[in-house]
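**Q** Provided below for reference: sequence and predicted model.
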Amino acid sequence: MKFYHEASKVVKPKMEALAIAGVQMKAANNALAAAETRISACNEKLAELQTLFNNQMSRKRSIEEGAIAPQNKMNQASALINGLSNGNQDGLKTLQHLATKRNDLLATVQLVVRL
């Protein structure tokens with residue numbers, strides 16, 4: 001009987017602490033469930049926002065590519081115009097050179113005919 005009395009003095013506070021810890025654990029589990037629900041909702045919202053962001057970035061790239069294409073065409077046109085302009089100047093120089101050669105040749109022929 002003495003053993004039971006001593007054991008109950010040790011066990012009873014531990015049993016009460018266990019009951020209190022059980023209530024605290026239940027409250028913590030409820031808080032955990034609520035937090036997991038909030039995290040799940042946040043993850044869903046994050047997925048929606050990420051999809052929206054990806055769509056907007058795709059649209060941005062499309063607009064940028066659309067803006068770059070006319071710029072590239074304009075650069076090609078300018079290069080073509082400049083090339084033709086330079087080509088005309090080279091062609092004019094060639095024509096002037098050929099005209100000079102022709103005049104020299106005609107002068108030589110006239111000189112030879114007079115002799």
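**A** Yep, that arrived. Residues are numbered from 1 along each chain as shown.
**Q** from here on, contacts and neighbour counts on C-alpha atoms
**A** Will do.
**Q** need the per-residue pLDDT for Ala41.
**A** Here the pLDDT value assigned to Ala41 is 97.
**Q** and what of Lys2?
**A** Predicted confidence (pLDDT) for Lys2: 68.
**Q** can you give me the helices for the protein?
**A** 2-114 (DSSP state H).
**Q** residue ranges with poor pLDDT in it?
**A** Applying pLDDT under 70 to the chain picks out residues 1-2, 83-92, 95, 115.
**Q** 50 instead, please
**A** Applying pLDDT under 50 to the chain flags no residue at all.
**Q** gap between Val23 and Asn29?
**A** In this view, Val23 and Asn29 are 10 Å apart by CA to CA, to the nearest Å.
**Q** hmm, I was thinking of Ala47
**A** Ala47 is 27 Å from Asn29, by CA to CA.
**Q** do the same with Glu44
**A** 22 Å.
**Q** same check, this time on Thr108
**A** Between Thr108 and Asn29 the computed distance is 115 Å (CA to CA).
**Q** count of neighbours near Lys45?
**A** For Lys45, the neighbour count with other CA atoms under 10 Å is 12.
**Q** equivalent analysis for Ser8, please.
**A** Residues near Ser8, counting by other CA under 10 Å: 13.
**Q** cool, Lys26 as well?
**A** For Lys26, using other CA under 10 Å, the count is 12.
**Q** do the same with Ala67
**A** Other residues close to Ala67 by other CA under 10 Å number 11.
**Q** can you name the residues that contact Ala7?
**A** By CA atoms under 8 Å, 6 or more residues apart in numbering, the contact list for Ala7 is empty.
**Q** what do you get for Thr100?
**A** Contacts of Thr100 by CA under 8 Å, 6+ apart: none found.
**Q** what about 10 Å?
**A** Shown in contact with Thr100 (CA atoms under 10 Å, 6 or more residues apart in numbering): Thr94, Leu106.
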